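Peer 1: Got a sequence here, can you build the structure:
(chains A and B)
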Amino acid sequence: MDILPILSTLKRHKTAAGLIVLQIALTCAIVCNALFLIFQRVERITAETGVAESELATLSLSSMARVENPEPQTQADLAALRQVPGLASVTLTNQFPYGRSSNNSGVRLTPDTNQSSRVVAGHYTVGPGFIQTMGLKLLEGREFEANEFVPGSTLDANPDPRVPAVIINKKLADRLWPGESALGKAIYVYGNEPQRVVGVVRDLPSPNPGSDDENAQHTMMFPVQPSFRGGNFMIRVAPGANPEAVLKAAADKLLANSPGLRRVIRDQDSIVTLRDKYYRQDRSMIQLLAGVCVGLLVVTAFGIVGLASFWVQQRTRMIGTRRALGATRGQILRYFQTENLLLSTAGIVLGMIGAFGISLLLMKSYELPRLPLVYLPLGAVVLWTLGQIAVFAPARRAAALPPVAALRGG
Amino acid sequence: MLTYYLELALRAMRSHRGLTALMLLSIAMGVAACMTTLTLFHVMSGDPIPHKSSRLFNVQLDAESKRDWKPGDEPELQLTRFDAEQLLRAKRGVHQVVMTGSFIAIDPAGSGDAAQPPFFTGGRWTTSDFFAMFEAPFRYGNGWTAADDTAEARVAVISAELNDKLFGGQDSRGKTVRLRDKDFTVVGVLKPFRPAPHYYDLTLGAYAKAADVYIPLSTSLSLRFGAAGRMNCWGRSDGVDPRSANAPCAWLQYWVQLDTPQQVADYKTYLTQYSDQQREAGRFERPANPRLSAVNEWLSISKVVPSDIKLQVWLAFGFLAVCLTNTVGLLLAKCLRRSGEIGVRRALGAPRRQIFLQFLIEAGMLGFVGGLLGLALTWIGLWVVRQNPSDYAQLAQLDWPMLATTLGVSLAASLLAGLLPAWRACQITPAIQLKTQ
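Peer 2: Numbers count the residues shown, from 1 in each chain, chains lettered A, B, ... in the order given. Got it, this is the predicted structure:
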């Protein structure tokens, strides 16, 4: 197919051709960036946290009257929960991924409180069995030993707290002691006595996974068991059991397990539910971006159909002449298809420049990374395909014009 | 002439149904996308207390230790209990309020309805000026007095919602509401009250619902009711209750009302003097760096509008731009198709100006109908937004100014889109057109 006659026709319709090129360019620029944003969000909400999310649920409750020593009731609660059918293990923690509360502490490498903290890290206080219940992977060292645990309620009022051990995540270990093993090293978070690193876990997600904050990357846990008063029971259900059902049974059990103590459930959620809630803003953004992409493509397709139809009508005489001179239907069809390909290509080239412009603006205003190059050919393929689909119907109508009718009408 | 052109415009819209529908849909979709996102942005960045926002100030003091300090650092957002109590005692403003949010268990057994199980709800532990300062509207009764603050009185103000739940909406003054296991006397019942953003305490979510129960902060402290929200401690805090009087922990919001620029200047001086005194006494370690931020300034410092919302507005305007380009293209095609008609009009003596006007009116007509359609789509769009379970989704309502803006945007967009085709139409030379007929 010779493109020169097409070019000379387009030259006579500069405005209309220019408008369609502009529209394709704008669509290409926006769609490329929107696809990138969608991909980023999808990556965020599908990120692995390294815990057994689908089998976990959390439960917390408060007593109506203040309980001065919550330890006996807490032990009774743990024992009662272990009887619940479908429950594999249970532990206590001050915070959990996707949860509402988040504690952070400065980590020092000397006991001197006037020294600057080396890093701020997410601060977990956990009961026995936390690593196993959450399904964390221990890379080095060991879990906490029974004699290392301190009840949290006694620690709060203690001016000289002693916490002997800490387990940290890999990122914190690499941050504090790059290139060395963290085992046996000392950090100071509680009091004047060191907490020695006894283990390193691969992942210990912060309560705000996916956050860019430094303290969401670095996490540590201490053998300081929270009580039912401020802590949360973390429940792991047996594989195949329904977390919601086990949770319901566990909540009923706890409420029945406190004779003489009026209690009320504070929170009761499976981690999957919390995760859904946590990412709902991202999900609605994905839907919106996808909706806008589809809207843009539809509108652009309409524009192409409208303009192509107009051109077909306008060039009836030319088509008739060509057909009468022996051009086949296929040649007429291909004429319009090639014309569209040229317009789309011009639009896409402009659109790619535009896409980079938008990307630069987004980088400046929203601290987004630069648009990866791979989105440009992706956008190009989408718009080429769209153009060919949109132009097909008008082009076929042109090809179907009988030569005589085309010559007569005009 | 104008009515004739309107008639012509209607006839033109009818005669090219397919093309007209495409253009209308394109304008309506673009306008609806813009207006849905703009409405959300408008609601979220709105002034929560317009007639008073320039007179209410959030107070910040730089009370942290010098350890991690760099010159130019912003001070901590909240106050320590010690500083808050000092400022409150000094009473240098027209009104002043110290407070914190909380979640508290309410026991219906002790408050009207024994049949309901206990439940958790939002509480606000504050001081007597709260209601006057933030203009919380009362349905029954009033707030408590400064004397109640001092006496750690067991009094409570409850929200309309809680009053409905516990007391069936009746005048419940004098009745008892049981918080945990402590009984409080209801002294006031609010009307529905939902400041958006929740500007006086952003730590529980910028668009959180207002609390259901309000009691004096002093009472909550003596009963150890706890608090919810952000807390920042520094220095050695082992064994110290972070909410005790001298703990190095910031967890309280402090607001002051100042009515004149002179009062603002005086208060700022007072805060600087206070900071200097505290440094001399050894409590503060950093140079005096107090902040006094009026409501709107406070909201912008705290970046309450999620950046996603702004991004959505930009995206929607990009979409409108594409829709407009599309409309220009289609309008142009439609105009050129009617070259013959234009030729006849021109030959019969219509000046270019008239042709231009005719086509502009046609575009305007398109914009008006497209705007109405866009309004319907905006309404649907906002309905979809409201189905979202987030805090602010419920706020997405179309108000009169936004309604007018929608029609305005649509009309302006279509006239803009009509300019080029109308100009091209009036350039058509009658002779050539008449000859080709």
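Peer 1: can you pull the contacts of B:Gln60?
Peer 2: B:Pro75, B:Glu76, B:Leu77, B:Gln78, B:Leu79, B:Pro290, B:Arg291, B:Leu292, B:Ser293 (CB atoms under 8 Å, 6 or more residues apart in numbering or on different chains). Placement of C-beta: from N, CA and C, glycine included.
Peer 1: Check the gap between it and chain A for me.
Peer 2: Separation of B:Gln60 from chain A (CB to the nearest CB, to the nearest Å): 20 Å.
Peer 1: centre of the chain versus the one helix or strand B:Ala316 maps to, how much separation?
Peer 2: Using DSSP states H and E, B:Ala316 sits in helix B:307-337. In terms of CA atoms, centre = their mean, to the nearest Å, the centre of helix B:307-337 is found 27 Å from the chain centre.
Peer 1: Show me the helices in chain A, by range?
Peer 2: A:4-12, A:14-45, A:71-82, A:130-134, A:152-155, A:170-176, A:214-217, A:243-256, A:271-278, A:280-314, A:316-324, A:329-366, A:375-400, A:403-408 (DSSP state H).
Peer 1: Would you mind putting these into CSV with mean pLDDT and mean neighbour count alongside?
Peer 2: Converted to CSV, the helices of chain A look like this (pLDDT from 0 to 100; neighbours: other CB atoms under 10 Å in any protein chain shown):
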stretch, mean pLDDT, mean neighbour count
helix A:4-12, 82, 12
helix A:14-45, 92, 21
helix A:71-82, 94, 16
helix A:130-134, 96, 22
helix A:152-155, 84, 19
helix A:170-176, 94, 20
helix A:214-217, 79, 18
helix A:243-256, 94, 18
helix A:271-278, 93, 18
helix A:280-314, 89, 20
helix A:316-324, 85, 17
helix A:329-366, 92, 18
helix A:375-400, 92, 18
helix A:403-408, 70, 14
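Peer 1: Helix, strand or coil: sort out B:Leu202 for me.
Peer 2: coil (DSSP: H, G, I helix; E, B strand; the rest coil).
Peer 1: on that earlier part again, mind listing what's buried in the helix holding B:Ala316?
Peer 2: In terms of neighbour count (16 or more other CB atoms under 10 Å in any protein chain shown), helix B:307-337 has its buried residues at B:309-316, B:318-336.
Peer 1: which stretch among the helices of chain A comes nearest B:Leu10?
Peer 2: Between B:Leu10 and those, the tightest spacing by CB to CB is seen for helix A:280-314, at 20.3 Å.
Peer 1: Say whether chain B is contacted by the closest one.
Peer 2: Yes - using CB under 8 Å from any CB of the partner chain, we find that helix A:280-314 touches chain B at A:280-281, A:284-285, A:288-289, A:292, A:295-296, A:299-300, A:302-303, A:305-307, A:310, A:313-314.
Peer 1: how far off helix B:307-337 does that helix point, in degrees?
Peer 2: Counting by axes from the mean of the first three to the mean of the last three CA atoms, to 10 degrees, helix A:280-314 lies at 10 degrees to helix B:307-337.
Peer 1: Off-centre distance for helix A:280-314?
Peer 2: Using CA atoms, centre = their mean, the offset of helix A:280-314 from its chain centre is 26 Å.
Peer 1: Quick one: list the elements packing against that helix.
Peer 2: Applying 3 or more CB pairs under 8 Å, 6 or more residues apart in numbering or on different chains; DSSP states H and E, we find helix A:280-314 packed against helix A:14-45, helix A:329-366, helix A:375-400, helix B:17-44, helix B:307-337.
Peer 1: Provide a list of residues in contact with the residue in the stretch 51-200 of chain A that chain B sits nearest to.
Peer 2: Residue nearest to chain B within the stretch 51-200 of chain A (CB to the nearest CB): A:Pro159, separated by 3.4 Å. Contact analysis of A:Pro159 by CB under 8 Å, 6+ apart lists B:Asp238, B:Gly239, B:Val240.
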